[in-house]
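*Asks:* would you be able to build a 3D model of this:
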Amino acid sequence: MTHWKLTLSYDGTGFHGWQVQPGRPTVQGALADALFQLSAERVLPQGSGRTDAGVHALGQVASFALAAPIPAANLLRALNRALPASIRILTAEAVPPSFHARHSALRKTYEYRIFERRPPDGESDPDAELAERICSPFLAPYVWDCRWPLDLAAMRSAAATLLGTHDFTSFAASDPDLTLRAADSTQSTPQPPTQPNPVKTLFRSELLRERGLLLYRVTGSGFLHHMVRNLVGTLVEIGRGSLAPDDMPRILAGKDRTAAGPTAPPQGLFLVCVEYPEPAEPTP
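*Replies:* Below you'll find the model as predicted:
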């Protein structure tokens, strides 16, 4: 068996997320079908994480094993021919059997993109006839077209308080997979599903304006279901004045999802990259 690591990019608009679902198009399902077409082997590639329906990836990572002896360059080329144009394999490399796309990951970086319909302070055109910017239809599938003027300084202040290790229960949606796993249990006495550890460490949490967009970039040891979208929804509430920057520590400490802001739309979210330990040097 050859164990493989793929780095892939995809437009999540037409997919019901990463994880395979009966009767619905998913990225994992499309990749599994392409691998079967190439190798006649039924494998289920494991992703570094499950992106939601409509969420995109610039650097998702998947791992799996194949018995067929396929050179890496041939595998990459053949997969890109078999996959829909909305999914592209960027790299394919053989890895040790111990590598797992999710379990081996050290850090993940996400970026959330916001189109500010109201021009930021100091950027409005006094001669413009329209009070709002217009979001291009070619940009709309990849941003949150946000109608409120946003206070960037307030959002930055709140984002900085998220750095470090915290319990992010207030920003976690219930994971639907836990209910499914409990329902599918074959045990005579079903056990309650194991909840993910809500304690995560954020190494980066910043907002900046680039390319005419407001970007939230966050790097962490891991993320809970809907966590990034819930963080963005709360930061936008702070930016529009519905919450204050000082509310963020209180929301974190409350460990209550209802205390935080709404869930931001999925189309603005991108999984940027996944970091792994450096491979060990071969023994002389």
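
*Asks:* got any ranges where the stretch 151-284 of the chain has weak pLDDT?
*Replies:* Scanning the stretch 151-284 of the chain with the threshold set as pLDDT under 70 gives 174-194, 280-284.

*Asks:* go with 80
*Replies:* 174-195, 279-284 (pLDDT under 80).

*Asks:* how about the strands of the stretch 1-150 of the chain, start to end?
*Replies:* For the stretch 1-150 of the chain, the strands defined by DSSP state E, counting those that start in this stretch occupy 2-10, 46-47, 56-66, 87-94, 107-116, 144-146.

*Asks:* which one of these lies nearest to Ala158?
*Replies:* Of all the strands of the stretch 1-150 of the chain, strand 107-116 sits nearest to Ala158, with 14.2 Å by CB to CB. Every residue, glycine included, has its C-beta placed from N, CA and C.

*Asks:* what mean pLDDT does that closest one get?
*Replies:* Mean pLDDT, strand 107-116: 98.

*Asks:* strand partners (parallel or antiparallel) of that strand?
*Replies:* Strand 107-116 pairs in its sheet with strand 144-146 (parallel), strand 213-220 (antiparallel), strand 269-275 (antiparallel), by DSSP bridges.

*Asks:* quick check: Glu237 touching Leu243?
*Replies:* Yes: here Glu237 reaches Leu243: they are 4.5 Å apart, a contact under CB atoms under 8 Å.

*Asks:* nearest spatial neighbour of Arg88, skipping sequence neighbours?
*Replies:* Leaving aside its sequence neighbours, Arg88 sits nearest to Ser9 (CB to CB, 6 or more residues apart in numbering; 5.2 Å).

*Asks:* show me what contacts the one you found?
*Replies:* By CB atoms under 8 Å, 6 or more residues apart in numbering, Ser9 lies in contact with 57-60, 87-88, 90.

*Asks:* let's go with 7 Å and repeat that
*Replies:* Ser9 makes contacts with 57-59, 88, 90, as judged by CB atoms under 7 Å, 6 or more residues apart in numbering.

*Asks:* which one is Ala259 nearest to, not counting chain neighbours?
*Replies:* Per CB to CB, 6+ apart, closest to Ala259 is Ile251, 4.8 Å.
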